[in-house]
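S.K.: Got a predicted structure plus its sequence, pasted below:
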Amino acid sequence: MMKILSPDLKTLLLDFQRNERTEADVYFRLAAQTKSEHNRAVLTKIANEELGHAAIWQKLSGGEKCEPSRRRVRRWSRIAKVFGLTFGVRFMERGEAEAQKNYEKVVAIFPEAQKIIEDEERHEQELIELLNEKKLEYVGSIVLGLNDALVELTGALAGFSFALQNSRTIAVLGLITGVAASFSMAASEYLSTRAEGGKNALTSSVYTGIAYVITTILLVTPFFVFENYLHALGATLTIVILIIAGFNFYIAVAKHESFKKRFWEMAIISLGVATLSFGIGVAARLWLGVEI
């Protein structure tokens, strides 16, 4: 016997159906884009299960059919294409975690919802085992280049700032220091990976070097833009925080790790070294009488 639904409950069920149809379309599109046959098979399986969930919500809501959100399908597909399949799927799965909480609200009325909740939890585990992107194999190398650039160059720029107090001079010295250090770090990564028996030593070193160079350019740029060295330093420290936040958010989502722990650890180290170097710069100027 069909339950009599309140307007609010029916709207909720229709929203559930639309979400499931939207996610099914996203998974189908991602499956079509991936080159891995294994990944394609699992994504297609999950997409079909999402369609099954949508059919259940459609039945419970009285048979009314909802179309997927084309805008959301395009958005999630673009995110996965730009940032990688792992990040895109896990980011979308975060939304499914919120949906599961809403599903639990209707389990007492519709016991069928319990199966959907169990399926969604299983999806997450399947995705953890499924996604093995090439680019994530080199996250360690990217972290090495990024972290070293943030710590060393932020410290160097802070030290140069009070020792030299000239934005253009600081920028040039920072750029030279950063580029030279990037080659050094890339070479060290290559030798380290080779010594450990790694098969992709050259690729790892390239990721390390590129991460270092990009970070160097971002941190040095404010000193080319602002004449006042303190304004430039402030802008650089802001960029440091934004880089740390952005990178750690990506890793937290893609590798299912804690964002706060990684963010604060990296931020405290980078800014701590910058503060210490700033003090050394002050001491160098006062005691050595450096004037530019």
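M.R.: It's in.

S.K.: tell me the contacts of F247?
M.R.: By C-beta atoms under 8 Å, 6 or more residues apart in numbering, the contact list for F247 reads L146. Where C-beta positions appear, they are placed from N, C-alpha and C, glycine not excepted.

S.K.: Secondary structure element for it, which one?
M.R.: Taking DSSP states H and E as the criterion, F247 maps to helix 229-254.

S.K.: Same check on M266?
M.R.: Per DSSP H and E: helix 259-288 holds M266.

S.K.: same deal with F110?
M.R.: Going by DSSP H and E, F110 is not in any helix or strand.

S.K.: So, low pLDDT: which residues of the chain?
M.R.: Low-confidence segments of the chain (pLDDT under 70): 1-5, 95-101, 124-141, 144, 196-199, 255-256, 274, 277-292.

S.K.: Can you spell out the domain ranges of it, please?
M.R.: 7-130, 135-288 (automatic domain parsing).

S.K.: All the helices of the chain, residue numbers only.
M.R.: Applying DSSP state H to the chain gives helices spanning 7-33, 37-60, 70-83, 85-104, 113-130, 139-148, 154-164, 167-195, 201-225, 229-254, 259-288.

S.K.: winner for burial among those?
M.R.: helix 154-164 (a mean of 24; mean count of other C-beta atoms under 10 Å).

S.K.: For it, enumerate the helices and strands it packs against.
M.R.: When contacts are defined as 3 or more C-beta pairs under 8 Å, 6 or more residues apart in numbering; DSSP states H and E, helix 154-164 sits against helix 167-195, helix 201-225, helix 229-254, helix 259-288.

S.K.: what is the orientation angle of the first one with helix 201-225?
M.R.: Okay, so that is helix 167-195. 170 degrees (axes from the mean of the first three to the mean of the last three C-alpha atoms, to 10 degrees).

S.K.: If you compare the directions of helix 167-195 and helix 229-254, what angle comes out?
M.R.: Using the same axes, to 10 degrees: helix 167-195 against helix 229-254 is 30 degrees.

S.K.: Also the second one?
M.R.: The directions of helix 201-225 and helix 229-254 differ by 150 degrees, with the same axes, to 10 degrees as the criterion.

S.K.: I'd like the numbering to begin with 809 instead of 1 from here.
M.R.: All set: I'll call the first residue 809, so the last point we hit is now helix 1009-1033.

S.K.: Let me know whether T985 touches A957 as I believe.
M.R.: No. Here T985 does not reach A957: they are 10.2 Å apart, not a contact under C-beta atoms under 8 Å.

S.K.: Who's the closest spatial neighbour of the residue most central in space within the chain, skipping the chain neighbours?
M.R.: In the chain, the residue lying closest to the centroid (C-alpha atoms, centre = their mean) is Y1058, at 0.8 Å. Closest residue in space to Y1058, ignoring its immediate chain neighbours: F895 at 6.1 Å, by C-beta to C-beta, 6 or more residues apart in numbering.

S.K.: cool, S990 as well?
M.R.: Y1020 (3.7 Å).

S.K.: Enumerate every residue touching that neighbour.
M.R.: If you count contacts by C-beta under 8 Å, 6+ apart, Y1020 has them with G953, L954, D956, A957, G986, A989, S990, M993, A994.
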